[in-house]
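**Q** below are the sequence and a predicted model for it; my questions follow.
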Amino acid sequence: MTSTAAIFAARALPNTLGIESMGRRVAEIRSVDDLIAARRALSGDGDEVPMVLGAGSNVVLPARVDRPVLLMQIRGLAVAAKDQHSARLEAAAGERWHDVVRFALGQGLGGLENLALIPGTAGAAPVQNIGAYGVEIASCLESLQVFDWQAGRIEVWPREACAFGYRDSVFKRPEGRGRIILGLSLALKHARTMVADYPDIALELNRFGISSPQPIDIAEAVIRVRRRKLPDPRRVGNVGSFFKNPLITAEQADRIASSMPDLVRYQQADGRVKLAAAQLIDRGGWRGRVRGSAAVWKRQALVLVNGSGAGRADVLDLAAAIQADVAARYGVTLELEPQVL
Ligand SMILES: Cc1cc2nc3c(=O)[nH]c(=O)nc-3n(C[C@H](O)[C@H](O)[C@H](O)COP(=O)(O)OP(=O)(O)OC[C@H]3O[C@@H](n4cnc5c(N)ncnc54)[C@H](O)[C@@H]3O)c2cc1C
């Protein structure tokens, strides 16, 4: 059996929230062989299921993690097949997501442009079905290569097996435990129907006088809008949106709208209504508010930031205060978006 010490070592865990977190047993995974060696080193039978970490841009970590941690760093990015109209792009889990988007655009392929500049790795993108400006990764995903830790084998999962929902997939549920994403197959198009009608993006295109945008124009508009609104995690610790937009019944939405006529509502295919969590939080005057070492970002109420040296408890206390306020005023439960470990 491979020695655990040869593969696992204690080290600080990467996370964009900037919380100091020490992993007791951490292994860098650069190949499938590394993964198999890590499994063998732990117990050999897959009983001890590790946690996988990409860039740590959607996690709230504790100060100390005893569970084994695998840092996903398998690289590889290629066009695997193409014809006149479409192409299949293969991305390994450890690739930076924004590099995947840039690579696709460089090949003249559309489909990922609205998802430009989302931090993190390709392997984590399907976990919460990353989405932005009207597009989710599920719309382009053909299949995933998944390592079943307990069985110790690689499987190919078609998109349908992933049970994608709004910021949700099977990988967040008990059935997804021990399933490690190794790679993505993305189905992209040369001439794609683009989604450019999201208000912020439409305005940005308009500002630059672009009336028939190419995928690259949309990506550039998205990048400019994101840079204006969101804090750069290299300077200000954050995990992007801390809350999901709530899905409620039409009756509930009507009730709220009766005292808030400008309520933002997005009708869903299943009859429910999605509200903009940022609007509900904003109405409580939370934007820019500081509480201990954590704060609400001044330009976007959905984003909580690490002011200086915040720990998990500081950030979660602020989140809980916001949740309680929104629940008291609107009867709406705000769910957290990052994984709290
Ligand atoms: C400034 C900022 C803006 C953001 N904007 C958006 C946005 O617009 N839309 C959006 O959807 N998200 C957004 N996010 C959240 C985040 O970027 C995404 O969720 C991203 O996919 C996380 O990637 P990661 O590699 O950092 O994952 P991590 O934080 O490392 O992990 C997240 C979860 O995925 C699991 N995981 C990671 N890799 C694997 C793997 N290979 N196999 C199985 N499980 C895995 C982890 O165990 C964990 O549960 C934003 C974050 C920041 C900081």
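**A** Thanks, I have it.

**Q** check contacts around Trp190.
**A** Just to correct that, residue 190 is His rather than Trp. By Cβ atoms under 8 Å, 6 or more residues apart in numbering, His190 lies in contact with 84-87, 108-110. Heads up, the C-betas are built off the backbone N, CA and C, glycines and all.

**Q** just give me the closest of these to the ligand.
**A** Using Cβ to the nearest ligand atom, Gly110 comes nearest to the ligand of these, at 18.3 Å.

**Q** from Asn129, how far off is that closest one?
**A** As judged by Cβ to Cβ, to the nearest Å, Gly110 and Asn129 stand 19 Å apart.

**Q** CA atoms only: put stretch 138-152 into CSV for me.
**A** The C-alpha trace of stretch 138-152 is given here as CSV (Å, rounded to 0.1, in the frame of the first residue of the first chain):
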residue,chain,number,x,y,z
ALA,A,138,-26.2,22.5,-18.4
SER,A,139,-27.3,23.9,-21.7
CYS,A,140,-23.9,23.0,-23.3
LEU,A,141,-22.9,19.9,-21.4
GLU,A,142,-23.0,16.7,-23.3
SER,A,143,-21.4,14.3,-20.7
LEU,A,144,-19.1,14.1,-17.7
GLN,A,145,-16.2,11.8,-16.9
VAL,A,146,-16.7,10.8,-13.3
PHE,A,147,-14.5,8.8,-10.9
ASP,A,148,-16.6,6.7,-8.5
TRP,A,149,-14.4,6.8,-5.4
GLN,A,150,-16.1,3.9,-3.6
ALA,A,151,-16.1,1.6,-6.6
GLY,A,152,-12.7,2.9,-7.8
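
**Q** and this structure, which residues reach the ligand?
**A** For the chain, the contact set with the ligand under Cβ under 6 Å from any ligand atom comprises 16, 51-59, 72, 93, 118-121, 123-125, 127-128, 130-132, 171, 180-181, 230, 233, 238-240, 339.

**Q** whichever of those residues end up buried, select them in PyMOL.
**A** In PyMOL, this line selects whichever of the residues of the chain next to the ligand come out buried by 16 or more other Cβ atoms under 10 Å:
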select buried, resi 16+51+52+53+54+55+56+57+58+59+72+93+118+119+120+121+123+124+125+127+128+130+131+132+171+180+181+230+233+238+239+240
